[in-house]
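Asker: Coordinates only, no sequence provided:
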């Protein structure tokens with residue numbers, strides 16, 4: 001109980017209790033990937049923001065949160081297509097926490113009842129990989145193309161305006177095409 005809760009002011013006490021509950025609420029937080037399971041499409045993540053824990057004397061201590069385990073990883077998908085990418089230990093991401101327990105939905109899909117009535121629990125997170133802290137920003141981000149690229153920017157497929165598509169590889173790179181190739185139009189080439 002805080003000093004404000006001990007006060008005779010009912011309004012201040014109620015506000016203090018509401019604030020304490022809101023401080024305990026988790027909706028999302030930045031994380032680092034610890035491990036990734038490509039078969040189960042889950043990750044173990046370490047939250048990167050310490051949490052405030054109340055002590056018996058009314059003070060607080062900042063502690064490192066526990067690991068989040070079996071967190072479903074979100075890959076962009078739809079219409080029978082999915083964009084996947086390798087996920088490595090140390091990758092930064094953000095974990096968002098469902099407003100209801102996801103256990104039954106995660107096991108069986110479809111419309112489900114919550115297995116228990118927890119809200120915004122650390123046990124109900126989804127991992128989005130990609131948000132970056134300032135120390136891990138990408139360099140040379142294109143402002144004119146949509147790109148699938150390596151972090152260092154040396155390898156990419158870029159789609160620009162008016163039908164321009166670039167495939168760029170470093171000099172040691174290799175483009176492999178498996179299957180039939182149909183080219184309609186002019187094929188030009190040169191050796192650099």
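Answerer: Yep, that arrived. For clarity, every value in this text was computed on a predicted model and none was experimentally measured.

Asker: Quick one: mean pLDDT for the top helix by length along the chain?
Answerer: Criterion DSSP state H: the longest helix present in the chain is helix 10-24. In this model, helix 10-24 has an average pLDDT of 80.

Asker: helices or strands up against that helix?
Answerer: Contact analysis of helix 10-24 by 3 or more CB pairs under 8 Å, 6 or more residues apart in numbering; DSSP states H and E lists helix 3-6 as its packing neighbours. Every residue, glycine included, has its C-beta placed from N, CA and C.

Asker: now the strands for this protein?
Answerer: Secondary structure of the chain by DSSP state E: the strands cover 28-37, 42-47, 51-54, 60-63, 68-72, 77-78, 81-82, 92-97, 125-129, 146-149, 156-159, 165-168.

Asker: Just send those strands back as CSV, with distance to residue 138 too.
Answerer: CSV is the format used below for the strands of the chain (distance: least, CB to CB, whole Å):
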stretch, distance to residue 138
strand 28-37, 17
strand 42-47, 21
strand 51-54, 29
strand 60-63, 31
strand 68-72, 24
strand 77-78, 23
strand 81-82, 22
strand 92-97, 12
strand 125-129, 13
strand 146-149, 8
strand 156-159, 11
strand 165-168, 15
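
Asker: Mean pLDDT for these - can I get that in CSV?
Answerer: CSV is the format used below for the strands of the chain (pLDDT from 0 to 100):
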stretch, mean pLDDT
strand 28-37, 96
strand 42-47, 96
strand 51-54, 83
strand 60-63, 91
strand 68-72, 95
strand 77-78, 90
strand 81-82, 88
strand 92-97, 95
strand 125-129, 93
strand 146-149, 90
strand 156-159, 92
strand 165-168, 90
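
Asker: Out of the ones you listed, flag the one nearest residue 10.
Answerer: For residue 10, the closest of the strands of the chain is strand 51-54, at 21.4 Å, according to CB to CB.

Asker: roughly how far out does the closest one sit from the chain middle?
Answerer: Relative to its parent chain, strand 51-54 has a centroid offset of 24 Å by CA atoms, centre = their mean, to the nearest Å.

Asker: now do stretch 12-24
Answerer: 29 Å.

Asker: if I look at the most centrally placed residue in the chain, how far off is residue 79?
Answerer: For the chain, the residue nearest the mean C-alpha position is residue 128 (1.8 Å; CA atoms, centre = their mean). Using CB to CB, to the nearest Å, we find residue 128 at a distance of 20 Å from residue 79.

Asker: Tell me who's in contact with the closest residue to residue 69 other than its chain neighbours.
Answerer: Leaving aside its sequence neighbours, residue 69 sits nearest to residue 44 (CB to CB, 6 or more residues apart in numbering; 5.0 Å). Residues near residue 44 by CB atoms under 8 Å, 6 or more residues apart in numbering: 33, 34, 35, 67, 68, 69, 70, 71.
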